[in-house]
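Colleague: this is the structure alone, sequence omitted:
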C-alpha cells in the first residue's frame with residue numbers, strides 16, 4: 001500500500017451533496033480531497049435530471065407541433081430526428097459536467113482525484129487512480145456520496161435478453177418500434193411518454209394495482225387517463241414471470257387477473273428501482289452498517305463509525321437532488337458554521353416530469369384521513385385556470401388539504417401544466433405557516449397560473 005496521506009476532509013463522489021460540500025469545506029480552510037470514479041456531477045447531471053428533462057423538452061415540442069392545428073397553426077408532417085435529440089442532450093450534459101469539474105479544479109485547498117475509492121479500514125481510503133497507480137488517504141471527516149444505479153430484478157430470462165435502463169435508453173440513436181416499459185414508477189412513466197411522443201409504440205407493465213400507488217386514487221386515475229390519451233398502453237396488476245426473445249423481438253410474459261398474457265416489443269426498458277453504489281466501497285472493512293446496501297445514518301448524517309458520514313441517495317430515503325443538496329447544507333452548517341443542523345421533518349416536494357407535471361408537497365388526502373386528521377379538501381380542474389384554458393393545457397387539477405381548525409395548509413397536489421411551479425408557491429406558504437385564507441385573498445397577476453390558487457382555496461368555503 002502507498003504511504004498514507006493525511007487531509008482534513010475526504011468526500012467520495014461529486015453528486016449534489018459532495019460537490020458543493022467539497023467547495024464549502026475547502027473555502028473554509030479545510031484541506032479537502034474529493035474522489036470521483038467517473039464524471040463530476042453525480043446522477044443528476046450525468047444520467048438523471050439534466051439529460052432526462054432535456055429530452056422531455058424535445059418530446060414536448062414534438063407533441064405541441066402535432067397539435068399545431070389546435071392553435072390555428074399548420075405545421076405539416078412532424079418527424080423526430082432522435083440523433084439530434086441525443087446530441088442536444090449530450091451537449092448540455094457536457095456543459096454542466098465541465099463547469100462542475102472546472103469549479104472543483106479551480107478551488108484553492110481542494111484536490112479532485114479521479115479513481116475508484118475503497119476503505120481499507122475506518123480511517124483509510126485507498127484510491128485506484130483512473131490513470132494508473134494508487135493513493136492512500138486518511139481524514140477525520142469522510143463523506144460517502146456515491147449515489148445509486150438502476151437495478152435488474154430477478155425475473156426468469158431477463159438477464160439473457162438485451163435490456164435498457166434509465167441510462168442506456170438515453171443513448172438510443174434509433175427510435176424503438178415498440179418500447180415495453182417494465183415498471184410504472186415515475187422514471188418509467190417519464191420515458192414512456194417521452195418515447196411515445198418521439199413516435200414509438202409504448203406499453204407499460206406495472207405490478208401494483210394502479211399507477212402512483214402512494215398518491216390519492218383520483219390522482220392515479222387522472223395520470224393514467226392522460227397517458228392513455230397520449231397513446232400509451234398501460235397494464236396494471238401485471239406480475240412479470242418470464243422474458244425471452246432476442247434483439248428486436250422480446251417477449252414479456254406476465255400474470256394478470258389469474259391469466260397469463262404476453263406482450264412483444266422491439267425494446268425493453270427495465271425501470272423497477274435503484275440500488276446504492278456501496279457494494280464495492282469496502283464498507284465492511286470500515287465497519288459501516290448498511291441496510292439493503294443503504295448506509296445507515298443518524299440525524300447528523302453520521303454513520304455508526306466515528307468520522308464517517310453519508311449524504312444523498314446512498315443513505316436511502318427520498319432519492320431527489322434537492323434532498324442531497326439539503327444534506328450538503330446540514331454538513332456545511334455543522335462543520336463550517338458551527339450550527340446544530342440536523343435531519344428533521346423536512347417538507348419534501350416532489351415533481352414528476354410527465355406532461356402535465358405531477359407535483360406534490362405535504363400530506364395527500366389519503367394520508368391525512370388515515371391519520372384521523374380533521375381536514376377540509378378542495379379540488380378544481382385546470383379548466384378553472386384562465387391561463388391554462390388560454391394555453392389549451394387544461395388537463396389535470398389542483399387539490400389542497402387544509403386543517404379544519406387552524407386553517408393551516410397540510411398538503412397540495414398539482415397535476416397540471418407547470419405543476420411544479422404552482423406547488424412551490426403553496427410550499428412557501430406552508431413554510432411560512434400562512435393560513436389558506438391568505439392565498440385565497442392574495443392579488444395574483446392576471447392571467448397567470450398562480451391566480452388559480454384563489455379559486456381552489458375559495459372552493460374550501462363554498
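Modeller: Looks like it came in fine. Computed from a prediction, not measured in an experiment: that's the story for all the values here.
Colleague: would you mind measuring from the closest residue to residue 452 other than its chain neighbours to residue 453?
Modeller: Leaving aside its sequence neighbours, residue 452 sits nearest to residue 385 (Cβ to Cβ, 6 or more residues apart in numbering; 3.9 Å). (C-beta placed from N, C-alpha, C; glycine too.) Using Cβ to Cβ, to the nearest Å, residue 385 is found at 9 Å from residue 453.
Colleague: for stretch 157-165, buried residues please.
Modeller: 158, 161, 163-165 (16 or more other Cβ atoms under 10 Å).
Colleague: picking that back up, now do the contacts for the residue nearest to residue 452.
Modeller: Contacts for residue 385 (Cβ atoms under 8 Å, 6 or more residues apart in numbering) come out as 394, 416, 449, 451-452, 455.
Colleague: what's the answer for residue 273, then?
Modeller: So, once contact is read as Cβ under 8 Å, 6+ apart, residue 273 ends up touching 150-151, 153, 183, 185.
Colleague: if you set the cut-off to 7 Å instead, what comes out?
Modeller: By Cβ atoms under 7 Å, 6 or more residues apart in numbering, the contact list for residue 273 reads residue 151.
Colleague: which residues sit against the longest strand belonging to the chain?
Modeller: Longest strand in the chain, counting residues (DSSP state E): strand 110-119. The contact list for strand 110-119 (Cβ under 7 Å, 6+ apart) reads 12, 22-23, 26, 32-37, 104-105, 125-130, 135, 280-283, 285-286.
Colleague: could you tell me which of these belong to strands?
Modeller: 12, 32-36, 125-129, 135.
Colleague: and the furthest pair within those?
Modeller: 32 and 128 (20.1 Å; Cβ to Cβ).
Colleague: tell me which of these two has more neighbours.
Modeller: Neighbour totals were compared for residue 32 and residue 128, and residue 32 leads with 27 against 13 (other Cβ atoms under 10 Å).
Colleague: picking up where we left off before, the ones in strands among the contacts of strand 110-119, buried ones only, as a PyMOL selection?
Modeller: To isolate the buried members of the ones in strands among the contacts of strand 110-119 in PyMOL, using 16+ other Cβ under 10 Å:
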select buried, resi 12+32+33+34+35+36+125+126+127+135
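Colleague: how about JSON lines for the ones in strands among the contacts of strand 110-119, with distance to residue 263 and pLDDT added?
Modeller: Shown next, in JSON lines, are these (distance: Cβ to Cβ, whole Å; pLDDT from 0 to 100):
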{"residue": "12", "distance to residue 263": "41", "pLDDT": "98"}
{"residue": "32", "distance to residue 263": "51", "pLDDT": "98"}
{"residue": "33", "distance to residue 263": "49", "pLDDT": "98"}
{"residue": "34", "distance to residue 263": "45", "pLDDT": "98"}
{"residue": "35", "distance to residue 263": "43", "pLDDT": "98"}
{"residue": "36", "distance to residue 263": "40", "pLDDT": "98"}
{"residue": "125", "distance to residue 263": "47", "pLDDT": "97"}
{"residue": "126", "distance to residue 263": "47", "pLDDT": "97"}
{"residue": "127", "distance to residue 263": "46", "pLDDT": "97"}
{"residue": "128", "distance to residue 263": "43", "pLDDT": "97"}
{"residue": "129", "distance to residue 263": "46", "pLDDT": "97"}
{"residue": "135", "distance to residue 263": "50", "pLDDT": "97"}
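Colleague: out of the contacts of residue 385, which is most surrounded?
Modeller: So for these (other Cβ under 10 Å), the most neighbours sit at residue 416, 27 neighbours.
Colleague: quickly list what that residue is bridged to.
Modeller: residue 357 (DSSP bridges).
Colleague: list the contacts for it?
Modeller: So residue 416 contacts 356, 382, 388, 396-398 (Cβ under 7 Å, 6+ apart).
Colleague: for residue 71, see how far away it is.
Modeller: 19 Å.
Colleague: equivalent analysis for residue 224, please.
Modeller: 26 Å.
Colleague: what's the answer for residue 372, then?
Modeller: In terms of Cβ to Cβ, residue 372 sits 48 Å off from residue 71.
Colleague: which one's more surrounded, those two?
Modeller: residue 71 (11 against 7).
Colleague: returning to what we had before: quick check, nearest of the contacts of residue 385 to residue 337?
Modeller: residue 449 (36.9 Å).
Colleague: state the pLDDT value of the residue nearest to residue 80 when sequence neighbours are not counted.
Modeller: Leaving out its chain neighbours, the residue that sits closest to residue 80 by Cβ to Cβ, 6+ apart is residue 198, at 4.7 Å. With respect to pLDDT, residue 198 has a value of 98.
Colleague: what's the answer for residue 328, then?
Modeller: According to the prediction, residue 328 has pLDDT 97.
Colleague: please apply the same query to residue 332.
Modeller: The model's pLDDT for residue 332 equals 98.
Colleague: show me where the stretch 51-200 of the chain has strands.
Modeller: Counting by DSSP state E, counting those that start in this stretch, the stretch 51-200 of the chain has strands at residues 110-119, 124-129, 134-138, 141-144, 148-150, 178-182.
Colleague: the last one pairs with which strands, and in what direction?
Modeller: When sheet partners are counted by DSSP bridges, strand 178-182 sits next to strand 201-205 (parallel), strand 267-270 (parallel).
Colleague: contacts for it?
Modeller: 188, 191-192, 195, 200-205, 240, 252, 263, 265-272.
Colleague: mind splitting this structure into its structural domains?
Modeller: 4-149+275-335, 158-272, 350-461 (automatic domain parsing).
Colleague: turn those domains into CSV, columns for distance to residue 343.
Modeller: Compiled in CSV, the domains of the chain are given as follows (distance: least, Cβ to Cβ, whole Å):
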stretch, distance to residue 343
domain 4-149+275-335, 5
domain 158-272, 21
domain 350-461, 17
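Colleague: out of the ones you listed, which is closest to residue 344?
Modeller: Here domain 4-149+275-335 is closest among the domains of the chain (Cβ to Cβ), at 7.3 Å.
Colleague: could I get the full set of strands for the stretch 301-450 of the chain?
Modeller: Using DSSP E, counting those that start in this stretch, strands in the stretch 301-450 of the chain cover 308-310, 350-352, 357-362, 375-381, 397-403, 409-416.
Colleague: and the third one with strand 397-403, angle?
Modeller: An angle of 0 degrees separates the directions of strand 357-362 and strand 397-403 when computed by axes from the mean of the first three to the mean of the last three Cα atoms, to 10 degrees.
Colleague: quick check: residue 304 touching residue 289?
Modeller: Yes: between residue 304 and residue 289 a contact is recorded at 4.7 Å, counting by Cβ atoms under 7 Å.
Colleague: let me know the pLDDT of residue 345.
Modeller: We have a pLDDT of 80 for residue 345.
Colleague: residue contacts, residue 307?
Modeller: 140-142.
Colleague: which one of the residues you listed sits in the busiest neighbourhood?
Modeller: Busiest of the contacts of residue 307 [other Cβ under 10 Å] is residue 142, holding 27 neighbours.
Colleague: so in terms of bridging, what pairs with that residue?
Modeller: So, taking DSSP bridges as the rule, residue 142 has residue 10, residue 308 as bridge partners.
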